[in-house]
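Asker: got a sequence here, can you model it:
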Amino acid sequence: MKALTYHAAKDIRFETIPDAKVTAPHAALVRVKACGICGSDLHIYQGHGFSDDVGFCVGHEAVGEIVEVGAHVESLKVGDRVMISASVGCGLCAPCRAGDVVRCDRNAGGCYGLSHALPGCQAEAVMVPHADHNAALIPEGLTYDQALMLTDNLPTAYLGAKNADIRPGGTVAVVGLGPIGLMAVEIAYALGASRVYAADLVPERRAMAEKLGAIALDPGDEKALLKEHTRGALAGSVIEAVGADATLKLALQLAGKQATVSTIGVNQTKQFPFPMALAFNKGLTFRTSLCSVMVHWPDLVPMVRSGRLKPEAMISHRMPLADGAHAYAMFNDRRDGALKMVLEC
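Answerer: Okay, here's the model as predicted:
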């Protein structure tokens, strides 16, 4: 089958790899209809991956149709339209069976497309382990585009917003306006925020945040502008959606007294110099967590179905899987308004 594979920094290839197969009785084989490039995929693309492995199929966001099921799969059948959770659990322990794979009792939680251990979803087909718990029927009334955003981006944005302790009438700042950051802007309002401020270096992304109702902060003057707007109070909740040292530092600066800073960006430095004195003096709560995608679906599906959240609006480009290397380069360089890149099989 055809797939996108990682070989070195900025070396993603569209090539033939062995066909995905059902290798266990609880697994299912999904023919991929569409897959997405996530911001965290760019860490791999830039050569700062999550393993030293090379030659593996990348990607962890996909929707498609089941073409084969193992003998012990109970809730899914051939022909079902499914969305595949980016976060994968063992399917055996109580937390994983409830969708909370981050709390896996066996420490067997994982993600597609980080190494050969669990091949990725940017391919013509993908094997889903313990499919009854790691995939789900696309809910009635949802499009493939909406379901694709539910495989990772929207739940991650929701986790970031929930962890930020957003209160009705509260002031929120979102740092980093990629697809997840922009979704976090929309979610913050859905959770009751009265004002949302948005920070990013890219003017087009700040403009998109303004269309969602946010107040954009100019680069370099974010803290001064927020301080002026809030009469010195700054933000009660801050969502950081990049993970870079500079954006983490900015997020902490934008937080007011007794505020909560929630980071969902993946930091690659591994030794971020946390400003403990600043956090102590402000009395900050700082939270970060991996996302158990499935545990958030019961909250998010009704909001998407009703139109309260429109995650599909973040899709900027559609390309065939064969053009995946070009899509990665565009997304990485933020060219031509690149935001959410969807690859179709």
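
Asker: gap between E140 and R31?
Answerer: E140 is 21 Å from R31, where distance means C-beta to C-beta, to the nearest Å. No exception for glycine: its C-beta is placed from N, CA and C like everyone else's.

Asker: give me the more crowded residue out of those two.
Answerer: Neighbour count, other C-beta atoms under 10 Å: between E140 and R31, R31 has more, with 17 against 7.

Asker: the closest residue to F56 other than its chain neighbours: neighbouring residues, count only.
Answerer: Spatial nearest neighbour of F56, excluding adjacent residues (C-beta to C-beta, 6 or more residues apart in numbering): H116 at 4.6 Å. By the criterion of other C-beta under 10 Å, H116 has 12 neighbours.

Asker: make 39 the first number, not 1, from now on.
Answerer: Happy to do that; since the first residue is 39 now, the last one works out to H154.

Asker: need the three-state assignment for H154.
Answerer: Under DSSP: H, G, I helix; E, B strand; the rest coil, H154 falls in the coil class.

Asker: list the residues that contact it.
Answerer: 91, 93-94 (C-beta atoms under 8 Å, 6 or more residues apart in numbering).

Asker: and the gap between the spatially closest residue to D374 that is not a sequence neighbour and E106?
Answerer: Leaving aside its sequence neighbours, D374 sits nearest to M368 (C-beta to C-beta, 6+ apart; 6.2 Å). Going from M368 to E106 by C-beta to C-beta gives 34 Å.

Asker: go ahead and flag the most central residue of this structure.
Answerer: The centroid of the chain falls nearest to N191 when counting by C-alpha atoms, centre = their mean (3.1 Å).

Asker: settle it for me: which of M368 and E106 has more neighbours?
Answerer: Using other C-beta under 10 Å as the criterion, M368 and E106 rank with M368 on top: 19 against 16.

Asker: output the one helix or strand the more buried one maps to as CSV, restricted to C-alpha atoms.
Answerer: Take DSSP states H and E as the rule and M368 turns out to sit in helix 362-371. Extracted in CSV, the C-alpha atoms of helix 362-371 (Å, rounded to 0.1, in the frame of the first residue of the first chain):
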residue,chain,number,x,y,z
GLY,A,362,2.0,14.7,1.3
ALA,A,363,5.6,15.9,1.3
HIS,A,364,4.5,19.1,-0.3
ALA,A,365,1.7,19.5,2.3
TYR,A,366,4.3,19.0,5.1
ALA,A,367,6.6,21.7,3.6
MET,A,368,3.7,24.2,3.2
PHE,A,369,2.5,23.6,6.8
ASN,A,370,6.0,23.8,8.2
ASP,A,371,6.7,27.1,6.4
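
Asker: show me what that helix is packed against.
Answerer: Judged by 3 or more C-beta pairs under 8 Å, 6 or more residues apart in numbering; DSSP states H and E, helix 362-371 is in contact with strand 49-54, strand 66-75, helix 79-83, strand 353-358, strand 378-382.

Asker: looking at those, spot the one closest to A174.
Answerer: strand 66-75 (11.4 Å; C-beta to C-beta).

Asker: now the angle between strand 378-382 and that closest one, please.
Answerer: Relative orientation of strand 66-75 and strand 378-382, computed by axes from the mean of the first three to the mean of the last three C-alpha atoms, to 10 degrees: 140 degrees.

Asker: can you give me the helices in the stretch 239-383 of the chain?
Answerer: Assignment of helices within the stretch 239-383 of the chain using DSSP state H, counting those that start in this stretch yields the ranges 241-249, 260-267, 283-292, 314-320, 335-343, 362-371.
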